[in-house]
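Undergrad: With the input below, show me the fold.
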Amino acid sequence: MLLAERDVERLAPGVAVWLGRGADPAAVCRTLCADLPPHLHNPAGLLAHRLKALLPPPLPAAPVRAAPVVRLLCEDCERPFPPSVTTPGRCLDCRAEAETPALDPHAA
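TA: Take a look at the predicted model:
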C-alpha cells in the first residue's frame, strides 16, 4: 500500500496513540492492513477509520506505591519512637535519666 507523504503525516499521530497504549508496531500493521478490499480507492481514509474504530483501550494506571515509613530513633539509646512521633530527640526513659541528678559516691 502506497501513501502520500501528507497522508502519512496525517495518520502518524493516530499510530502514536496506539503505540502509547502499548500496541506492538507489528500488531498495529497487522490490524490496520487486515482484510483490505481488493480495489481500495482511498487507503488513507480506510486507515484513518481503522485507527479510530479499532483503538485499543488505555493501559491501566500504574499502581501507586506508598511512601516508605520513616521511623525516628532515640538519639541516645536508638530505640524506635512510635509512628506518631515526628520530631527527633530522646525517648522518655533517656530524658528521665538525663534529668535525674547523678549521685556522687564521694559526697558525704
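Undergrad: and the residue nearest the centre of the chain, what does it touch?
TA: The chain has residue 62 as the residue nearest its centroid, 4.9 Å off, counting by C-alpha atoms, centre = their mean. For residue 62, the contact set (C-beta atoms under 8 Å, 6 or more residues apart in numbering) is empty. No exception for glycine: its C-beta is placed from N, CA and C like everyone else's.
Undergrad: could you measure it against residue 69, distance?
TA: 21 Å (C-beta to C-beta, to the nearest Å).
Undergrad: Check residue 76 too.
TA: In terms of C-beta to C-beta, residue 76 sits 22 Å off from residue 69.
Undergrad: re earlier: find the helix or strand that the residue nearest to the centre of the chain is a member of.
TA: Secondary structure assignment for residue 62, by DSSP states H and E: no helix or strand.
Undergrad: On the pLDDT front, check it for me.
TA: Note for residue 62: predicted pLDDT of 79.
Undergrad: thought residue 19 was touching residue 28?
TA: Yes. Using C-beta atoms under 8 Å, residue 19 is in contact with residue 28, at 7.0 Å.
Undergrad: So these two - more neighbours on which side?
TA: Under the criterion of other C-beta atoms under 10 Å, the comparison of residue 19 against residue 28 puts residue 28 first, with 18 against 11.
Undergrad: contacting residues around the more buried one?
TA: The contact partners of residue 28, taken as C-beta under 8 Å, 6+ apart, are 15, 18-19.
Undergrad: Tell me if I'm right that residue 77 and residue 95 touch.
TA: No. Using C-beta under 8 Å, residue 77 is not in contact with residue 95, being 10.9 Å away.
Undergrad: Can you classify residue 16 as helix, strand or coil?
TA: Three-state assignment for residue 16 (DSSP: H, G, I helix; E, B strand; the rest coil): helix.
Undergrad: measure it to residue 82 for me?
TA: 51 Å.
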